[in-house]
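Enquirer: Can you look at this prediction? I've put the sequence above it.
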Amino acid sequence: MENNNNVSRNEEWRVELRSSISPKERAAIERVEMPQLDPAYRITCNEEVNQGITEEQAVREATRCLDCNNPQCVTGCPVGIDIPKFIKNIERRHFADAAATLKETSSLPAVCGRVCPQEKQCESKCIRLKMKQPAVAIGYLERFAADWQRNSGEEETVKMEPKNGIKVAVVGSGPSGLSFAGDMAKKGFDVTVFEALHEIGGV
Ligand code: SF4
């Protein structure tokens, strides 16, 4: 039986996109660098140091991905994101579809795109390392797609199962607590999150 990665890889748009640029041309593209705040300015403010990448940078970086037949990057992702599918959606500028792919298995992609150690997880398995080249910047692309979704004003469609009447308490509102709460709510549970501090989010 075909797995989901193979099913999405064989979709017509993916096949066309893959053949639109040769692997050699893809391999010749250099990894994007994420812009950072200037240190002189950084010491005067509390703004985020890493600025994120632009649409053009994201599309170019997505083009570096070879859309592998057996994508080892996915095996390095603790939540099994269909990495080539979300990246190829960025390459064809379907940013909402890229964000939706992330949300299939990850509740907080904007957080994970910033704090996950991708160099030890998904990116450490990227085929481009075997080609003696930098890995595809999967983390930067994850952050890009999640931020794009958040800033777009577009409503997300979340699949909710019917309410089952069972109450669930979640103690602590850090990333894992919120992810769990979100997943349980989607499954129809009546969820309450308890937090000792004045703000949620694991501050
Ligand atoms: S291993 Fe690298 S090149 Fe292959 S699908 Fe994953 S991100 Fe793309």
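Expert: Sure thing, it's come through.
Enquirer: At which residues are the helices of this protein located?
Expert: Taking DSSP state H as the criterion, the chain carries its helices at 4-9, 12-20, 23-27, 39-42, 55-64, 72-75, 83-91, 95-105, 109-115, 127-130, 138-152, 175-186.
Enquirer: deepest of these, which one?
Expert: Across the helices of the chain, averaging neighbours per residue (mean count of other CB atoms under 10 Å) puts helix 83-91 on top, at a mean of 26. From N, CA and C alone the C-beta is placed, and that goes for glycine too.
Enquirer: Helix 95-105 and that helix, what's the angle between them?
Expert: 160 degrees (axes from the mean of the first three to the mean of the last three CA atoms, to 10 degrees).
Enquirer: Packing partners of helix 83-91?
Expert: Applying 3 or more CB pairs under 8 Å, 6 or more residues apart in numbering; DSSP states H and E, one finds that helix 83-91 contacts helix 4-9, helix 12-20, helix 55-64, helix 72-75, helix 95-105, helix 138-152.
Enquirer: what about 7 Å?
Expert: helix 12-20, helix 55-64, helix 95-105, helix 138-152 (3 or more CB pairs under 7 Å, 6 or more residues apart in numbering; DSSP states H and E).
Enquirer: CSV for the ones you listed, including mean pLDDT and distance to the ligand?
Expert: Compiled in CSV, the helices and strands packed on helix 83-91 are given as follows (pLDDT from 0 to 100; distance: least, CB to the nearest ligand atom, whole Å):
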stretch, mean pLDDT, distance to the ligand
helix 12-20, 97, 11
helix 55-64, 98, 7
helix 95-105, 94, 13
helix 138-152, 96, 6
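Enquirer: between those helices, which gets nearest to Asn46?
Expert: Comparing the helices and strands packed on helix 83-91 against Asn46 with CB to CB, the closest turns out to be helix 138-152 (18.3 Å).
Enquirer: Can you pull the domain assignment for the protein?
Expert: Structural domains assigned to the chain are 4-152, 158-203, following automatic domain parsing.
Enquirer: Those domains: lowest mean pLDDT?
Expert: The minimum mean pLDDT among those belongs to domain 158-203 (a mean of 91).
Enquirer: Those residues of the protein touching the ligand, which are they?
Expert: Within reach of the ligand by CB under 6 Å from any ligand atom, the chain has these residues: 65-68, 71-73, 83-84, 126-128, 136, 138.
Enquirer: Nothing else from me, thank you.
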